[in-house]
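Colleague: Provided below for reference: sequence and predicted model.
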Amino acid sequence: MPLDMRTKDENNTEYRSIPFGEMRASKSDDGKMVIEGYAIVYNREADIWGDTEIILSGAATEALKTKDQFYLWQHDRTKPLSRVKIGTLTAKEDDDGVFIRAEIIDTQLGRDCYENIRSGLVDKQSFAFIVKEGTDEWAKETKDGKSRWKRTIKLFAKIPEFSAVTWPAYEDTDLQAKRLAMRNKPDSEASGRGGTAVLEVLTDARDNIEQIRKGEKEYAQKG
């Protein structure tokens, strides 16, 4: 089951997406729109841009104690669908990962999002997280005759949200985000914990993309 890392934001939050293959969208007995399934899976190696990542059992224990995660549409903070704090979202950890149950809000947005998921039109979900400092480790490994890094994540500091997504987060800045993420690796001859991300590359990329979109919009309006 692939999990795709795309970027980190200004709060050093990382994003991963997995298929909705383990998700169910259904109506409850009282007619509520419900989404259920594993949003995070443990102890499965994932390919992240040619490197390996694995999230260990218990990684979410501390982060889930905050009791206020959101379920969003497309990682858009202005489009919340469910929330732990109001009792419509539950996130429970077991040996396999983190299982969520989200009661989707009964608004036009909620109904549209639910139908997109139920029909399979949108078939990925993503989760946002911050790794607790000092609890991810990098080590060199050889796989299929190639040298690569393996990142082991032991503990999340925060999991602010889960999200239904069409594509993994920040697809536009994939290349720039990859360059940024690689700065977290240890030196090529070393093994151990990653360093601190530098965000100038991603910031510049976002600014450039916004300028391009603005230019395209102005051109279309003139045409």
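Modeller: In hand now; what should we look at?

Colleague: Name the spans of this structure whose pLDDT lies under the cut-off.
Modeller: Within the chain, the segments meeting pLDDT under 70 span 1-11, 18-23, 168-223.

Colleague: Mind doing that once more with 80?
Modeller: Across the chain, the ranges flagged by pLDDT under 80 are 1-12, 16-24, 47-50, 167-223.

Colleague: That one: strands as residue ranges?
Modeller: Assigned by DSSP state E, the strands in the chain fall at 14-19, 23-27, 33-41, 46-48, 51-55, 70-73, 76-83, 89-93, 97-104, 124-131, 136-143, 146-153, 156-165, 192-193.

Colleague: Residue 117 is nearest to which of those strands?
Modeller: Set against residue 117 and scored by Cβ to Cβ, the strands of the chain come closest in strand 23-27, at 4.8 Å. Yep, even glycine has a C-beta here, placed from its N, CA and C like the rest.

Colleague: The closest one pairs with which strands, and in what direction?
Modeller: strand 33-41 (antiparallel) (DSSP bridges).

Colleague: buried residues in the partner strand?
Modeller: The neighbour-count check on strand 33-41 (16 or more other Cβ atoms under 10 Å) flags 33-35, 37-41 as buried.

Colleague: same deal with stretch 114-134?
Modeller: Quick answer for stretch 114-134 (16+ other Cβ under 10 Å): 114, 116-117, 122, 124-132.

Colleague: Report the beta-bridge partner residues of residue 70.
Modeller: residue 83, residue 161.

Colleague: In contact with it: list those residues for me.
Modeller: By Cβ atoms under 8 Å, 6 or more residues apart in numbering, the contact list for residue 70 reads 77, 80, 82-84, 89, 160-162.

Colleague: What separation is there between it and residue 59?
Modeller: Counting by Cβ to Cβ, to the nearest Å, the gap from residue 70 to residue 59 is 19 Å.

Colleague: Equivalent analysis for residue 99, please.
Modeller: 14 Å.

Colleague: related to what we said a few turns ago, what is the nearest of the buried residues of strand 33-41 to residue 64?
Modeller: When the buried residues of strand 33-41 are compared against residue 64 (criterion: Cβ to Cβ), the nearest one is residue 40, at 10.1 Å.

Colleague: I'd say the closest one and residue 127 touch.
Modeller: Yes - Residue 40 is within contact range of residue 127, at 5.8 Å (criterion: Cβ atoms under 8 Å).
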